[in-house]
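>>> Got a sequence here, can you model it:
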Amino acid sequence: MSTRVKFDLNSIKFRLWLYFLSLVIGIVVLIWALQIFFLNNGYEDMKVSEVDRIASSIYHSYNRNDENLTKSIQELSVTNDFYVMMESGGTLLLFNPEQENIIPVYRYQTQIPKLKEMLEKNKPSSAPVYFKFSTTYEKYSTLAYGRYLSTKPGEEVLLYIFSPLYPVTSTVNILKHQLLSVTTIILILAFFMITYFSSRISRPIKSITNTAKKMGKGEYNVKFEADSYSEINNLADALNTAAYELGMADTRQRDLIANVSHDLKTPLTMIRSYAEMIRDLSGDNPEKRNAHLQVIIDETDRMNQLVSDMASVSAMRTNKVTLEKEVFDLSSVAASILASYQLLQEQESYDFVFNTPKDCLVYADKNKIEQVISNLTGNAIKYCGEDKKIIVNIKRSGKKWRLEVSDHGPGIKAEELPHVWERYYKTSTNYVRATSGTGLGLAIVKEILTLHRSSYGVDSKVGKGSTFWFELEAVKKDKEKEKAPVKPKESLPDRPK
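As a prediction, the model looks like this:
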């Protein structure tokens, strides 16, 4: 059973083949036109131009009193197959291509009176004249040309040139046969060259297309191979990068689903277990029942916080959040957040150190910056060292205020630092204190600071601890009133790509 091959008229291979073939045919047609059509129709015009050019050369040589004028005219006559005559004071001087070929010159003398008459009419302008004539002795026409070399009264000198217009029919026929052979060879060579080059150009594109189809089916470990032109190599590199990023995104998506499923499964299991305990065991015991109900409430709050954090990240990534900016004291906000951890300081011996100057005024969304500081502080508590020491510093950095949250925990490896802002990313350091969290804290920090167009980052050394920081534009105290009237809500900037 034969398979019918579908020919794609819009393919690059076919289009290149068509364009190259059209170019070759156009060149061949142009050669035919120049060699056949223009030769046949423009021969006489070219002959007139050639005779006029030589006559001008003789004119300039004569007026320069060139001693070699006679020799020059003789050479021009031989080279161009002309018959040249000069007349002065009724005397006719002949310049023959060959001494023995004197008879045609006398035949042409009969045309001299007509040339002289035409020159007399054009004498004021001294313009050259010419006409074509035929004789009974020759089968072809002859061009008769005349002009003045000198128009001084009593010293008039006239130049006559007679140029045979040989028929070009035989020449054209010879050229046709030659061009037919040349055209056949050119078209055959062009066909093979066009086929080769169009295949060579389209082959790597086909390979990239087939690989892209595999990537579209979820095979993100594919490799786009291209050892071809620079543009195709750049396309392959870009697609390799895209395949890697898509693979990483697919992995993160699976991890996200796994982590969210795990984070939801644990509180759901706890809620179900304690609900069954209330039903079967502690329903009639107020003290136990209230304790079990409190566990259910806590787990419900944890689930609610997880869903809320996920919604926040999603909203900020899709630019559905509006910043409500105002001027506020960054130092006061940080102090109030640290005060909320007083219970940890009293019951679990955490040590919170806060260093800040006065009046750290910034212009930002106060509620969201509070969330940033709270998340960074919570992260420091979660990963702090055995000394349970968390240090919060606010200091000047050029025209900005820089807030740093440091701990003396296990630190983060250098190659892992760029990933700590990703959702649910966990470092290879497994030392984590027994504190609850949704795994989205640093991802939320990143999104909020990105919306504020703020600089942020993390500095860390393994075994020494980590410092998370961000910067906000400083506002001078005397400028606070100027900043306050600014429109409280502004549209979010486009997310950087």
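>>> Would you map out the domains in this protein?
Domain ranges of the chain: 14-171, 230-313, 320-490, per automatic domain parsing.
>>> so which of those domains is the most packed in?
domain 320-490 (a mean of 17; mean count of other Cβ atoms under 10 Å). (Glycine included, C-beta is placed from N, CA and C.)
>>> Could you pull up the mean pLDDT of it?
Per-residue pLDDT values over domain 320-490 give a mean of 81.
>>> Run the chain-centre distance for that domain.
The chain centroid and the centroid of domain 320-490 are separated by 40 Å under Cα atoms, centre = their mean, to the nearest Å.
>>> For the remainder of this discussion, apply numbering that starts at 52.
Okay, residue one is now 52; in that scheme the one you just asked about reads as domain 371-541.
>>> Residue 76 and residue 203: what is the separation?
59 Å (Cβ to Cβ, to the nearest Å).
>>> Kindly report the same for residue 216.
From residue 216 to residue 203 the distance is 33 Å (Cβ to Cβ).
>>> got it, and residue 66?
Applying Cβ to Cβ, the value for residue 66 to residue 203 is 70 Å.
>>> now residue 336
Distance from residue 336 to residue 203, by Cβ to Cβ: 146 Å.
>>> what's near enough to touch the closest residue to residue 173 other than its chain neighbours?
What sits nearest to residue 173 in space, not counting adjacent residues and going by Cβ to Cβ, 6 or more residues apart in numbering, is residue 180, at 6.0 Å. Residue 180 is in contact with 166, 169, 170, 173, 196, 197, 198, counting by Cβ atoms under 8 Å, 6 or more residues apart in numbering.
>>> quick one: which two of the residues you listed are the most distant?
173 and 196 (12.9 Å; Cβ to Cβ).
>>> Tell me the confidence at residue 279?
For residue 279, pLDDT reads 69.
>>> likewise the one 4 residues further on?
Residue 283 is assigned a pLDDT of 76 by the prediction.
>>> That one touches residue 276, doesn't it?
No. Contact criterion Cβ atoms under 8 Å: residue 283 and residue 276 do not qualify, at 10.4 Å.
>>> Now do the shared contacts for those two.
Between them, residue 283 and residue 276 share these contacting residues under Cβ under 8 Å, 6+ apart: residue 255.
>>> can you pull out the helices in the stretch 252-401 of the chain?
281-328, 337-368, 381-390, 393-398 (DSSP state H, counting those that start in this stretch).
>>> Distance to residue 445 for the ones you listed - can I get that in a markdown table?
Shown next, in a markdown table, are the helices of the stretch 252-401 of the chain (distance: least, Cβ to Cβ, whole Å):
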| stretch | distance to residue 445 |
| --- | --- |
| helix 281-328 | 33 |
| helix 337-368 | 24 |
| helix 381-390 | 6 |
| helix 393-398 | 19 |
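>>> Quick check: which of these is nearest to residue 464?
helix 281-328 (18.1 Å).
>>> looking at this, residue 233 is in a helix?
Yes. Assigned with DSSP: H, G, I helix; E, B strand; the rest coil, residue 233 falls within a helix.
>>> Just the element for the nearest residue to it once chain neighbours are set aside, please.
Spatially, and ignoring its direct neighbours in sequence, residue 233 is nearest to residue 82 (7.9 Å; Cβ to Cβ, 6+ apart). Secondary structure from DSSP states H and E places residue 82 in helix 63-83.
>>> Which residues does that helix contact?
Identification of contacts with helix 63-83 by Cβ under 8 Å, 6+ apart yields 58-59, 230, 233-234, 237-238, 241-242, 244-246, 248-250, 252-253, 256.
>>> If we use 10 Å, what do you get?
For helix 63-83, contacts defined as Cβ atoms under 10 Å, 6 or more residues apart in numbering pick out 58-60, 62, 226-227, 230-231, 233-235, 237-238, 240-242, 244-246, 248-254, 256-257.
>>> Can you tell me how far the residue lying farthest from the centre of the chain is from residue 207?
Here the chain reaches farthest from its C-alpha mean at residue 141, the gap being 79.6 Å by Cα atoms, centre = their mean. To residue 207, residue 141 is 10 Å away according to Cβ to Cβ.
>>> Pretty sure residue 297 sits against residue 263.
No. Using Cβ atoms under 10 Å, residue 297 is not in contact with residue 263, being 11.2 Å away.
>>> Pretty sure residue 181 sits against residue 214.
Yes. Taking contacts as Cβ under 10 Å, residue 181 lies within contact range of residue 214: 9.3 Å.
>>> can you list residues touching both of the two?
Joint contacts of residue 181 and residue 214 (Cβ under 10 Å, 6+ apart) are 98, 99, 102, 194, 195, 196.
>>> Relative to residue 410, which of these is nearest.
Residue 410 lies nearest to residue 99 out of the shared contacts of residue 181 and residue 214, by Cβ to Cβ, at 97.3 Å.
>>> tell me the contacts of that closest one?
Counting by Cβ under 10 Å, 6+ apart, residue 99 makes contact with 179, 181, 183, 194, 196, 214, 216.
>>> Surely the fourth one forms part of a strand?
Yes. In this structure, residue 194 lies within a strand as judged by three-state DSSP.
>>> And what about the closest residue to it other than its chain neighbours, helix, strand or coil?
Closest residue to residue 194 apart from its sequence neighbours, by Cβ to Cβ, 6+ apart: residue 214 at 4.5 Å. Secondary structure assignment for residue 214 (three-state DSSP): strand.
>>> Ok, residue 496 next?
Following three-state DSSP, the label given to residue 496 is helix.
>>> Can you name the residues that contact it?
Residues counted as contacts of residue 496 (Cβ under 10 Å, 6+ apart) are 419, 422-427, 430, 471-472, 507, 519, 521.
>>> Spatially, which two of these are the most separated?
419 and 471 (19.7 Å).
>>> State the helix or strand in which residue 511 lies.
Residue 511 belongs to strand 507-512, assigned by DSSP H and E.
>>> do residue 137 as well
strand 134-139.
>>> Give the pairing partners of that strand; include direction for each.
strand 142-146 (antiparallel), strand 208-216 (antiparallel) (DSSP bridges).
>>> now those strands in a markdown table, with mean pLDDT and distance to residue 390?
Shown next, in a markdown table, are these (pLDDT from 0 to 100; distance: least, Cβ to Cβ, whole Å):
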| stretch | mean pLDDT | distance to residue 390 |
| --- | --- | --- |
| strand 142-146 | 74 | 121 |
| strand 208-216 | 87 | 113 |
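>>> Kindly present those as a markdown table, with separate columns for distance to residue 374.
Listed next are the strands paired with strand 134-139 as a markdown table, based on distance: least, Cβ to Cβ, whole Å:
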| stretch | distance to residue 374 |
| --- | --- |
| strand 142-146 | 99 |
| strand 208-216 | 90 |
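>>> so who does residue 278 touch?
255, 284, 287.
>>> returning to that earlier point: okay, and the common contacts of residue 173 and residue 196?
Common contacts of residue 173 and residue 196, defined by Cβ under 10 Å, 6+ apart, comprise 179, 180.
>>> Now residue 164: phi and psi?
phi -60, psi -40 (degrees, to the nearest 10).
>>> how close does it sit to residue 195?
11 Å.
>>> count of neighbours near the residue nearest to residue 280 when sequence neighbours are not counted?
Closest residue in space to residue 280, ignoring its immediate chain neighbours: residue 252 at 7.5 Å, by Cβ to Cβ, 6+ apart. Residues lying near residue 252 (other Cβ atoms under 10 Å) number 15.
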